[in-house]
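S.K.: Turn this into a structure:
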Amino acid sequence: MSLTDRQEDLLVAVALTEFSVHYENADPELAKQAWQLAANRLVEYDIGPAEAIDVLEIGET
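M.R.: Have a look, this model is predicted:
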């Protein structure tokens, strides 16, 4: 399956969001930067992280 630019941006945003959550205690500054990068990508599409997961159909069988 070939991803569209939008799908790629949303997938990267979800990954950055996950990274920021998992590394918040280990490296708060890096986690904050990852969250900001994710937010910047999501704002382009006026969508939140949970909505991005729905759009990408992640976790659905």
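
S.K.: contacting residues for Glu8?
M.R.: The contact partners of Glu8, by CB atoms under 8 Å, 6 or more residues apart in numbering, come to none. C-beta here means a position set from N, CA and C on the backbone, and glycine is covered the same way.

S.K.: so where's this protein uncertain?
M.R.: 1, 59-61 (pLDDT under 70).

S.K.: Can you show me the strands along it?
M.R.: Counting by DSSP state E, the chain has no strands at all.

S.K.: Show me where it has its helices.
M.R.: Secondary structure of the chain, counting by DSSP state H: helices at 5-22, 28-44, 49-56.

S.K.: Please list the residues outside stretch 45-55 that contact it.
M.R.: In contact with stretch 45-55 (CB under 8 Å, 6+ apart) are residues 6-7, 9-11, 13-14, 17, 38, 42, 59.
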